[in-house]
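Asks: Sharing a sequence plus its predicted fold:
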Amino acid sequence: MADIFISYASEDRNRVRPLAEALIERGFNVWWDRSLAAGQDYTAIIEKELKDAKAVIVVWTQSSTNSTFVRDEAGRARDEGRLVPVMLDQAQIPLGFGAFQAEDFTRWNGGANAPQMQLLVEVLSAKLSGREVNTSEIERRRRRLGTRIRIVSLLTVVALIAGIAWVVNDFVAPDPPPPDLRAELLRLLAEGQLTPEQAIQLAQILESGALGETGGTAEARLGAPSPDAASETAPAATATDGAVTEASFDATASESYRAAFTALAAHPDAQVRLAVAQMSQSSTRDAAMETLWTYANDHPDDPLRDEIYLLCGSVGEANNNPLGQRALEQATSLRSRDPAVWRMLSRSYQRANRSGEAQAAAQVSEGVEAQNAGDTAQAEAQLQQALPQLTAPQLRAPVASELGQIAEARGDFSAASARFSQAYTAREEVAQAAPDSAAAGVIQADAQQLVRALDRSGRTREACERLRQAQEQHDVAAPDEELLQRCQRQFRTNLRNDVQLAPQLRQRAIQVRPEVTPAPTP
């Protein structure tokens, strides 16, 4: 039984997690539905925890204001004097709850010591101790802390501009900013004074060149050693055998760094945002990269996981950190059609004297670029040449999958099923060795693509059996209702009834030629 119950809309799960973790860090006993264990009765557990909690935090957002469940839970808490509303969006609070002051967390970035958290802690402490909340005192503190937020936010903007400009512009001033300025920046970030909106705005300022950026290599912009220093620790990275050139890597890494920084500046987890800022300083870069790497591996369902790997990959490779190559290899599974990922990986392999794989990665980069442009013939030729040179299964899998999609698009389901089978086998190999890796995380998409291609090539019985095996081994849902029904009724295949297309396939929205129909089932 927990003291605090958090009510929120399921769509906001990733946004609510930092709130729950910050409260736990402050010593509170918190329950939210991520606390459910497998096999538990979902409805009964929620009912019990809601009833037993001394305080109920209702998180109002655009989604939760339309949620029947959230409204119901909020109504019970209101009627029993346990309601503690929090706003993550400037949403219209439902009728019946407007009289209750909601703590404004719209500018909160997840810090456990942020001013918003101090107010929430005061309200919760009163609820848990059974005493009345001193509304006049809370309102006085709210005004005072609101002023502090505005003042500190302005100081933080100035500090962050100076700190990032120093790195991105390769020492804009003759000397780097004083160490105390950078220390103050990191302290403010750790305390939650910098909002995601401010960080994004600053990234956009840098992108527009408003700080007087004059160019230079991506290595300089990312805080990497000078070319002379780099040559002492790594072989020269000139383009040979079709590998990516240094100039191409410079431009690609710079663009990837900026895009990833902009995305991760708004990440709901405070430790991620802090690590992103620390990546810009040589003294904290390696530790920050380890933090991001660990977070990405521990949170396979994070929608910004690919951006974390891209940030680690671009900065790590620019600074001769081996973690950069590993991050880029992970990113190929999540961003298989991103030429930048393969381009940076090509350069990484070239510097490691792996010329064959460097050439193959460069060919994949050209292939997916052609595929994105609609030139499937050129894409297929490049990917077919590259595939035999890729030794790691986590790299073979996305390339084989892309070849399968090209074959599927032209209606050659026999060739598509063969390629998807290659991809699925490679992913299984990765999943056995590293269950939490990015490659293992997309195995459902490979299984569903294989099952669909087998069915459309007329091998429905085999498709049903492969789906059964995939469900047993990797918890794979059926790709569509019609195929599920045929497997169960026509072939008596023992399958689960859940139907859900893998997110990767929903995003790609593969279109198959309408005039092509499956061959008759034998």
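Replies: Received the coordinates, thanks.

Asks: which one is residue 285 nearest to, not counting chain neighbours?
Replies: Spatially, and ignoring its direct neighbours in sequence, residue 285 is nearest to residue 279 (5.5 Å; CB to CB, 6 or more residues apart in numbering). No exception for glycine: its C-beta is placed from N, CA and C like everyone else's.

Asks: pretty sure that neighbour is touching residue 315, no?
Replies: Yes: assessed by CB atoms under 8 Å, residue 279 is found in contact with residue 315 at 5.4 Å.

Asks: Now for those two: what residues contact both?
Replies: Here residue 279 and residue 315 share the contacting residues 285, 289, scored by CB atoms under 8 Å, 6 or more residues apart in numbering.

Asks: list the contacts for the residue minimising distance to the centre of the chain?
Replies: For the chain, the residue nearest the mean C-alpha position is residue 304 (1.6 Å; CA atoms, centre = their mean). Applying CB under 8 Å, 6+ apart, we find residue 304 in contact with 263, 264, 267.

Asks: And it, its phi and psi?
Replies: Main-chain dihedrals, residue 304, degrees, to the nearest 10: phi -100, psi 20.

Asks: How confident is the prediction for it, by pLDDT?
Replies: pLDDT recorded at residue 304 is 91.

Asks: same question, residue 85
Replies: For residue 85, pLDDT reads 93.

Asks: about what we covered before: for burial, what's the neighbour tally of the residue nearest to residue 285?
Replies: Using other CB atoms under 10 Å, residue 279 has 29 other residues around it.

Asks: ok, it to residue 246 distance?
Replies: When distance is defined by CB to CB, to the nearest Å, residue 279 is 21 Å away from residue 246.

Asks: Wasn't residue 59 part of a strand?
Replies: Yes: looking at residue 59 with DSSP: H, G, I helix; E, B strand; the rest coil, it is inside a strand.

Asks: Next up, the contacts around it.
Replies: Per CB under 8 Å, 6+ apart, neighbours of residue 59: 6, 7, 8, 9, 12, 16, 19, 70, 86, 87, 88.

Asks: circling back to that earlier point, among the contacts of residue 304, which one lies nearest to residue 128?
Replies: Proximity of these to residue 128 (CB to CB) peaks at residue 267, which lies at 30.0 Å.

Asks: just so I have it, where are all the helices in the stretch 351-500 of the chain?
Replies: Ranges of helices in the stretch 351-500 of the chain, per DSSP state H, counting those that start in this stretch, are 355-372, 376-386, 393-409, 413-433, 438-441, 443-456, 460-474, 481-490.

Asks: Pull out the buried residues from the second one.
Replies: Residues of helix 376-386 classed as buried: 376, 379, 380, 382, 383, 385, 386 (neighbour count, 16 or more other CB atoms under 10 Å).

Asks: before we move on, what about the fourth one?
Replies: Of the residues in helix 413-433, 413, 415-424, 426-431 count as buried by neighbour count, 16+ other CB under 10 Å.

Asks: what's the weakest-modelled helix or strand in the chain?
Replies: None of the helices or strands of the chain scores lower by mean pLDDT, DSSP states H and E than helix 227-233, at a mean of 38.

Asks: low-confidence ranges in the stretch 351-500 of the chain?
Replies: For the stretch 351-500 of the chain, no stretch is flagged by pLDDT under 70.

Asks: so how far is residue 437 from the residue nearest to the centre of the chain?
Replies: In terms of CB to CB, residue 304 sits 17 Å off from residue 437.

Asks: What of residue 253?
Replies: Counting by CB to CB, the gap from residue 253 to residue 437 is 23 Å.

Asks: and what of residue 470?
Replies: 18 Å.

Asks: These two: who's more crowded?
Replies: Set side by side, residue 470 and residue 437 show more neighbours around residue 470, with 23 against 18, by other CB under 10 Å.

Asks: Touching, that one and residue 449? I think so.
Replies: No: under the criterion of CB under 8 Å, residue 470 is not in contact with residue 449, lying 11.0 Å apart.

Asks: before we move on, which element is the residue lying closest to residue 305 once chain neighbours are set aside in?
Replies: Sequence neighbours aside, residue 296 is the residue nearest to residue 305 in space, at 5.1 Å (criterion: CB to CB, 6+ apart). Applying DSSP states H and E as the criterion places residue 296 in helix 285-298.

Asks: can you list the residues that contact that helix?
Replies: Counting by CB under 8 Å, 6+ apart, 223, 269, 271-272, 274-276, 278-279, 302, 305, 308-309, 311-312, 315-316, 319, 321, 323, 326-327, 330, 436-437 sit against helix 285-298.

Asks: Next, the buried residues of it.
Replies: Using 16+ other CB under 10 Å as the test for burial, helix 285-298 gives 285, 288, 289, 291, 292, 293, 295, 296, 297.

Asks: do you know how far residue 390 is from residue 124?
Replies: Residue 390 sits 53 Å away from residue 124, going by CB to CB.

Asks: All good on my end, thank you.
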